[in-house]
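**Q** When you get a sec, could you give me coordinates for this:
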Amino acid sequence: MYKSAKQGWYKLLNQDKLILPTLESQSVMKSFKVQDERYLINQGITLYIATHNKTGKKYFGKTQRFFNEEELQRKYHGSGSYWKKHLKKHGDDVTMKIFKVCSLNENDKDYVKPIALKFSEENDIVNSKEWANLIVENGLDGNSKGELHPMFGKNHSKETKIKIGEVNKGKYFSEETRLKLSISIKNAIKLNGGRFGENNPMFGKKHSEETKEKIRLKSSNKKQETKQNMRNSAKNKPQTSEETKLKISKANLGKKRDEETKKKMGELQKNKPRVECPHCKKIGAQNNMTRWHFNNCKDVK
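**A** Numbers count the residues shown, from 1 in each chain. Have a look, this model is predicted:
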């Protein structure tokens, strides 16, 4: 069976999808790569199995860059996040084996996916401790969305969640990255007219009583936790020694505020709200009045 392609004519060998150039394609031989005396188009998918020789851990993946085991062994050992962390910890001593090589044409994508998914499910590569895969390998790109995503309609097992947790443990965004994220989000909000009115995700909706209760409890727990942390911090704070107090006293001895500073402090005090004590009827700044008057007033019997 012959098909036409931009690189020339090629022949499909049974169901292997490996391609032999015909006589008509000799002028485009440079577009093909050699593997076991066979030829395949330079746009293809290689499904491979990587095995760590020390730990026995395996990884099932795909690449569109390498098409023979020798080249794969020398230049590529997989790209999964958990797998790469495993290699970093235990060394790069890996054996690469090609599972399947497929040509990448519009009509062949439906052929690649079932093969990859079947292997993934049969070997339970996501849940099995023998494998380092975090998601099911579908043989296509890693950015599939919606129903095309290999995890669509599925949930991660506890073992997989532990794997993901180990990968992300100790990772923190740098200040530079945080600033970039902040600017990006702010710009996106501005472009959408801000989160006001119809642009707000809660526009026209109301929280249920159950949700309100959850928010209230969460906020209350946070406040209690903050108060407790402040109490613990105050308890654990070391007391200032007499020697340190003496040093502070000597450092401040003879220091006087200049007229400009005094003027600023006076203006600041004038702008503070003034209250009247209900017992002695004295009027003063709120902070001092709260401390010495009201419930602490001398006129309270």
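
**Q** what comes into contact with stretch 81-88?
**A** 50, 52, 55, 57, 59, 61, 77-78, 94, 132-134, 163-164, 166-167 (Cβ atoms under 8 Å, 6 or more residues apart in numbering). Every residue, glycine included, has its C-beta placed from N, CA and C.

**Q** How are the helices of this structure distributed by residue range?
**A** 69-75, 81-90, 109-122, 158-168, 175-191, 209-236, 242-252, 259-271, 286-292 (DSSP state H).

**Q** Neighbours of His86, how many?
**A** Neighbour count of His86, defined by other Cβ atoms under 10 Å: 21.

**Q** Sorry, slip of the keys, the one I care about is Phe60.
**A** 23.

**Q** What residues does it make contact with?
**A** Contacts of Phe60 (Cβ under 8 Å, 6+ apart): 47-50, 99, 116, 119-120, 123, 125, 131, 133, 137.

**Q** Now with 6 Å, please.
**A** By Cβ atoms under 6 Å, 6 or more residues apart in numbering, the contact set of Phe60 is Ile49, Ile125, Asn133, Glu137.

**Q** Among the residues you listed, which one lies nearest to Val300?
**A** Relative to Val300, the closest of those is Asn133; by Cβ to Cβ it sits at 73.2 Å.

**Q** what's the burial count for the closest one?
**A** By the criterion of other Cβ under 10 Å, Asn133 has 24 neighbours.

**Q** before we move on, what about His156?
**A** Residues near His156, counting by other Cβ under 10 Å: 15.

**Q** how near is Lys218 to Gln228?
**A** Noted for Lys218: a distance of 16 Å to Gln228, by Cβ to Cβ, to the nearest Å.

**Q** Check Lys158 too.
**A** Lys158 is 31 Å from Gln228, by Cβ to Cβ.

**Q** Reformat the contacts of Phe60 as a markdown table; add distance to Lys223.
**A** As requested, those are exported to a markdown table (distance: Cβ to Cβ, whole Å):
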| residue | distance to Lys223 |
| --- | --- |
| Ile49 | 53 |
| Ile125 | 45 |
| Asn133 | 43 |
| Glu137 | 46 |
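
**Q** Now list the buried members of those residues.
**A** Ile49, Ile125, Asn133, Glu137 (16 or more other Cβ atoms under 10 Å).

**Q** Pairing partners for the first one in the sheet, please.
**A** Beta bridges link Ile49 to Phe60, Lys97 when assigned by DSSP bridges.

**Q** pLDDT score for it?
**A** What the model reports for Ile49 is a pLDDT of 93.

**Q** do the same with the second one
**A** Model confidence at Ile125, expressed as pLDDT, equals 91.

**Q** same deal with the third one?
**A** Per-residue confidence (pLDDT) for Asn133: 90.

**Q** what comes into contact with stretch 164-182?
**A** Taking Cβ under 6 Å, 6+ apart as the rule, stretch 164-182 contacts Ser81, Tyr82, Lys85, Leu134.

**Q** contacting residues around Gly139?
**A** Lys62, Val112, Lys113, Ala116.

**Q** burial of the first one, as a residue count?
**A** Residues near Lys62, counting by other Cβ under 10 Å, number 21.

**Q** how much space is there between it and Lys214?
**A** Distance from Lys62 to Lys214, by Cβ to Cβ: 42 Å.

**Q** What of His207?
**A** In terms of Cβ to Cβ, His207 sits 9 Å off from Lys214.

**Q** try Lys57
**A** Taking Cβ to Cβ, one finds Lys57 at 40 Å from Lys214.

**Q** These two: who's more crowded?
**A** Using other Cβ under 10 Å, the more surrounded residue of Lys57 and Lys214 is Lys57, with 19 against 12.

**Q** On the pLDDT front, check the more buried one for me.
**A** 94.

**Q** Ignoring the adjacent residues along the chain, who's closest to it?
**A** Ala132 (5.3 Å; Cβ to Cβ, 6 or more residues apart in numbering).

**Q** picking that back up, could you identify the most distant pair in the contacts of stretch 81-88?
**A** Val94 and Ile164, at 21.8 Å, using Cβ to Cβ across those.
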